[in-house]
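Chemist: Any chance you could fold what I've pasted below:
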Amino acid sequence: MTQTEELDTAVRRRRPRTVVLLTALTASLALLCCAGGTAAFFLDGLSNDDQVLSTYGCGEAGPLPANGEMPKVAGYSEAQMRNAATIINVGAQLKVPPKGWVIAIATAIQESSLTNLGDLGARNDHDSQGLFQQRPSQGWGTPKQVRDPVYASRKFYQKLVKIPGWEKMALTDAAQEVQRSAFPDAYAKHEPDAAEIVNLLADGAGRASATKATLSCAAMGDVAASGWTAPVKDGVVSGFRTAERPDHQGVDLGASRGDDILAAADGTVIVSRCDNDSSPPYRCDRDGSPSTPGCGWYVDIMHAGKVMTRYCHMLYRPKVHVGQTVVAGQPIGIVGTSGHSSGPHLHFEVHLNGDRSSSGATNPLPFMRDKGAPLGTGA
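Modeler: As a prediction, the model looks like this:
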C-alpha cells in the first residue's frame, strides 16, 4: 500500500466534521480547555460583554479528512483546500505540532499556491515540482514522488523537525531553513492565510500550542502558531474601557508580585523607562497608589504589522532596553505595583497601526484570543 493509500484509508475511518461557530454552550465547554482567572479585582470589575473570554476550539477534534467537506477561504479553491488538508493530516500523523502545519502551508502557498504543479517545461524553476517545488536533482525524491502531496508533505516535515529550535523561529526563517529559497522573506506574507486555513481545517489548531506535540491551548510560556503568547498566566481583573473606567486603554491581569512578564510576540523594544521620574515626588523605586500618576516602570514593544504592546507597573527596572530585539515568551520584567496602581498586577495594552496613543488602543481580549493566546490560560 502506498503512503497516499495509507493516509486515505486512515482518514476514511474518521467521522467527517465541519467547522461551525460555537454556540454559547460549546463556548462554555471550550473554556475548560483555555480559560483561567483570579478572584481579585483592581479598581473595577468586568462589565462589558466583550470582556468574556471565549475560544473557537483548541484543536481537540483534530484535522478534517482530506476527502471531507472543505470549508471555504477567500481566494482558495476546493482543490487547494484539499491539498492543505493533506498537508495538515500528514503533519498530524507525524505528530508535528500545529505551528509546523502553519509553516508548511505558508510555504506551499508561496511555492505553488497550494497547487500540485508538474513539470512546467521552460517555465519551470530548474526541476522544481509539486506542492513545495521540491527538486529531484537536490535529493527530494523522484519527479513522481515529489508530485505526491503526501510524500512531499512528509519530506518537508522531516526536514523541518531536524532544525534546532524551529518551534521558536519566525515562520519565514523556519521555512527558509527547509527550502533555501532565493527569496528568504517571501514566506512571511502568507502566515495569516496559512493560520486561517489551519484554524478552519483543524478545529482551531492554528490557535493551539506550537510547542507541544499534543494539541492544547497555549498556556503560560507556550507560543501559539501565530507567534503570540500570554504575557502572564493570570486572568483579567479589570477590563478595557469599562463603564466605570472608560479611559482604561488596556486590561489588568491579576498576576502576583515577582511573577515574570513575558513579551507577547517577537518585536523591538521602543520604550523602557519609568513613567514618573519627571514628576517628583512620584518615582518608580517604590510602590504606587491610586493617586500616583502613570505606568510606573513600563515597556513598549513594536511587533510585525505595526502592532504595539505595553506592559505597566513593573516592580523593578525592566530587563530589556530600547532597541533590543525580543522573542515571544522572553521575560522582559517583573510584576509589581509602581505607578497608578492599587496592588500588584500587569496592565497590558495592545495598539494598532503603530499608534501609541489612546486612539490606537484596541481591546486585548479579542485580539489575543484571535492570536491563539487567550489571556487567562494559566499554567
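
Chemist: hey, let's count contacts and neighbours off CA atoms from now on
Modeler: Will do.

Chemist: Now the one residue sitting closest to the centre of the chain. Nearest residue, chain neighbours left out?
Modeler: For the chain, the residue nearest the mean C-alpha position is S226 (2.4 Å; Cα atoms, centre = their mean). Leaving aside its chain neighbours, S226 sits nearest to K371 (5.8 Å; criterion: Cα to Cα, 6 or more residues apart in numbering).

Chemist: neighbours around the one you found, how many?
Modeler: The number of residues packed near K371 is 21, by other Cα atoms under 10 Å.

Chemist: got it, and K159?
Modeler: With other Cα under 10 Å as criterion, K159 counts 12.

Chemist: pretty sure it is touching V178, no?
Modeler: Yes. Here K159 lies in contact with V178, judged by Cα atoms under 8 Å, at a distance of 6.2 Å.

Chemist: Kindly state the domain boundaries assigned to the protein.
Modeler: 3-35+54-207, 236-370 (automatic domain parsing).

Chemist: Can you tell me which of the ones you listed is nearest to D222?
Modeler: When the domains of the chain are compared by Cα to Cα, domain 236-370 sits nearest D222, at 7.3 Å.

Chemist: How much space separates N199 from A85?
Modeler: 11 Å (Cα to Cα, to the nearest Å).

Chemist: should've said H347
Modeler: Using Cα to Cα, which is the criterion applied here, H347 is 40 Å from A85.

Chemist: Same check on T268?
Modeler: Taken as Cα to Cα, the span from T268 to A85 is 35 Å.

Chemist: Repeat that for P366.
Modeler: In terms of Cα to Cα, P366 sits 27 Å off from A85.

Chemist: ditto for P136
Modeler: For P136, the distance to A85 - Cα to Cα - is 24 Å.

Chemist: Which one of those two is surrounded by more residues?
Modeler: Neighbour totals were compared for P136 and A85, and A85 leads with 26 against 17 (other Cα under 10 Å).

Chemist: Would you verify that that one is located in a helix?
Modeler: Yes. Assignment of A85 by DSSP: H, G, I helix; E, B strand; the rest coil places it within a helix.

Chemist: Was I right to think it contacts L201?
Modeler: Yes. In this structure, A85 is within contact of L201 by Cα under 8 Å, at 6.5 Å.

Chemist: circling back: where's the residue nearest to the centre of the chain, which helix or strand?
Modeler: Assigned by DSSP states H and E, S226 falls within no helix or strand.
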